[in-house]
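# let's see this in three dimensions:
(one chain, ligands or ions: 3)
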Amino acid sequence: MARKYDESDAKVRPARSTRPRSKDRPSHKNAIRGFVIQVDRGRTSCVTEAGVLVSAMKARELGKNSVVVGDQVALVGDTSGSEGSLSRIVSVYERKNSLTRTVDDAGALERMIVANVDQMVIVIAAANPEPRSGLVDRCLVVAFDQGIEPIILITKGDLADANDFLKPYLNLGVKTLQTSRGGDLIPIKELLRNKTSVLIGHSGVGKSTLVNALLDTDVRAVGDVNDVTGRGRHTSSSAVALKLPDLKNQVNSGWIIDTPGVRSFGLRHVNRDRVIGSFSDFADVINKCAKNCSHDEAGCELDLWAGSDTARKERVKSLRSLLNSDE
Ligand SMILES: Nc1nc2c(ncn2[C@@H]2O[C@H](COP(=O)(O)OP(=O)(O)OP(=O)(O)O)[C@@H](O)[C@H]2O)c(=O)[nH]1
Ligand SMILES: [Mg+2]
Ligand SMILES: [Zn+2]
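Ligands and ions are numbered 1, 2, ... in the order given. The predicted model follows:
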């Protein structure tokens, strides 16, 4: 639950020296709230409630990787936003959720991508690169775990038909949309309206292309897909939140967060029961399983449920591959 900002949020660890540091720091009482739209090495870009773009550095005590795009932060110092001005982030407000993936095989290293999002748009190309259900399944687990609404968005509809790919997810009740470059953006705009949405997908699926179309600009660089490997070139290197243009003169029309293409989406940080729970189509089936069933053993109700139905068998296989994966 959201916690109100108070003085304790901005507490500064006592310095090793006995010199009272509070004297040379601006009072945190005067802190103003900012929304983080980009983190570029040491420099963070925030938008204040008044709509001013402020460049800020993190207070040293916050530590490495402590601020991500989507964070609400407390800013002190020069928050004028004027050229060359630099503000300081003294604290990060409690997050309502965050997207984190495990980035190493041992599962010890986690990287937070974004925080405080309403929707996760899982971007999948109908072709080039080929759609892969593994990524969708992994994203759905994280969305379920964090209470974020997932949406599957198929791009490059001009290259192939993704209906078969989408079928199992339609059965799950996940919202899906299909689009192609130059296509009708209205259904997407409606979905994104007044929400903070993050685009997640492999490199080259067209995330930045879509963002440019939605904003009707070329703010985001776009890269091609390698003809030989069928892979994108990891064109976008950091996450950026962009304000969506007003739709029908709405004052607040939402934010879209473009992210760098993910190679994999490690789930080691997600509890096993939560992984199983995200397969909501299995809930009733799994209830019938023997206590302590690993769901990957003889007698598991999932096999009975799947029978010889190809689509169902694929779903069961998906769950098992996530449960048995080292990632
Ligand atoms: N045929 C076709 N190509 C598209 C479509 N959308 C994007 N592309 C192309 O796909 C390539 C990759 O697009 P990007 O927008 O850079 O992809 P991205 O997902 O942002 O990639 P990363 O930043 O590397 O993660 C570019 O050559 C785009 O022109 C589409 O609807 N149809
Ligand atoms: Mg990109
Ligand atoms: Zn079972």
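# show me what the longest strand seen in the chain is packed against.
Ordering each strand of the chain by length in residues (DSSP state E) puts strand 32-40 first. Other helices and strands packing on strand 32-40, by 3 or more C-beta pairs under 8 Å, 6 or more residues apart in numbering; DSSP states H and E, are strand 43-48, strand 72-77, strand 240-243. Where you see a C-beta, it was placed from the backbone N, CA and C, and this is true even at glycine.
# reformat those strands as JSON lines; add distance to residue 156, mean neighbour count and mean pLDDT.
Formatted as JSON lines, the helices and strands packed on strand 32-40 follow (distance: least, C-beta to C-beta, whole Å; neighbours: other C-beta atoms under 10 Å; pLDDT from 0 to 100):
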{"stretch": "strand 43-48", "distance to residue 156": "31", "mean neighbour count": "19", "mean pLDDT": "94"}
{"stretch": "strand 72-77", "distance to residue 156": "35", "mean neighbour count": "22", "mean pLDDT": "95"}
{"stretch": "strand 240-243", "distance to residue 156": "21", "mean neighbour count": "19", "mean pLDDT": "94"}
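# any chance of TSV for those, columns distance to ligand 3?
Shown next, in TSV, are these (distance: least, C-beta to the ion, whole Å):
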stretch	distance to ligand 3
strand 43-48	46
strand 72-77	41
strand 240-243	41
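# out of these, flag the one nearest ligand 1.
Between ligand 1 and the helices and strands packed on strand 32-40, the shortest gap by C-beta to the nearest ligand atom is with strand 240-243, which sits at 10.8 Å.
# ok, that closest one near ligand 2 or not?
No: with C-beta under 5 Å from the ion as the measure, strand 240-243 is seen stopping short of ligand 2, the closest distance being 9.6 Å.
# tell me the strands beside the helix or strand just after that strand, with direction?
Using DSSP states H and E, the helix or strand that directly follows strand 240-243 along the chain is strand 255-258. Using DSSP bridges, strand 255-258 pairs in its sheet with strand 196-200 (parallel), strand 240-243 (antiparallel).
# residue of the chain nearest ligand 1, please.
Counting by C-beta to the nearest ligand atom, the chain gets nearest ligand 1 through residue 261, at 2.7 Å.
# which stretches of the stretch 1-150 of the chain have low pLDDT?
In the predicted model, the stretch 1-150 of the chain carries pLDDT under 70 at residues 1-27, 104-108.
# now the strands for it?
32-40, 43-48, 53-58, 72-77, 87-92, 98-102, 110-115, 119-125, 149-155 (DSSP state E, counting those that start in this stretch).
# residue numbers of the protein in contact with ligand 3?
The chain comes close to ligand 3 at residues 289, 293, 295, 300, as judged by C-beta under 5 Å from the ion.
# what residues does the stretch 201-327 of the chain put near ligand 1?
The stretch 201-327 of the chain comes close to ligand 1 at residues 201, 203-209, 222-225, 232-236, 260-261, as judged by C-beta under 6 Å from any ligand atom.
# related to what we said a few turns ago, with neighbour count, pLDDT and secondary structure added, can I get the residues of the chain next to ligand 3 in TSV?
Output for these, formatted as TSV (neighbours: other C-beta atoms under 10 Å; pLDDT from 0 to 100; DSSP: H, G, I helix; E, B strand; the rest coil):
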residue	neighbour count	pLDDT	secondary structure
289	17	95	coil
293	14	94	coil
295	19	94	coil
300	20	96	coil
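# return the member of those nearest to residue 148.
residue 295 (24.4 Å; C-beta to C-beta).
# show me the contact partners of stretch 162-178.
124, 126, 131, 133, 136, 140, 149-154, 157, 187-188, 191, 280-281, 311, 314-315 (C-beta atoms under 8 Å, 6 or more residues apart in numbering).
# of these, grab the buried ones for ChimeraX.
Filtering the contacts of stretch 162-178 down to the buried ones (16 or more other C-beta atoms under 10 Å) takes a single ChimeraX command:
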select :124,126,131,133,136,140,150,151,152,153,154,157,188,191,315
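# list, one by one, the residues from the stretch 201-327 of the chain near ligand 2.
Taking C-beta under 5 Å from the ion as the criterion, the stretch 201-327 of the chain approaches ligand 2 at residues 207-208, 235-236.
# by neighbours, which of those wins?
Compared across these, residue 207 has the highest neighbour count, 30 neighbours, by other C-beta atoms under 10 Å.
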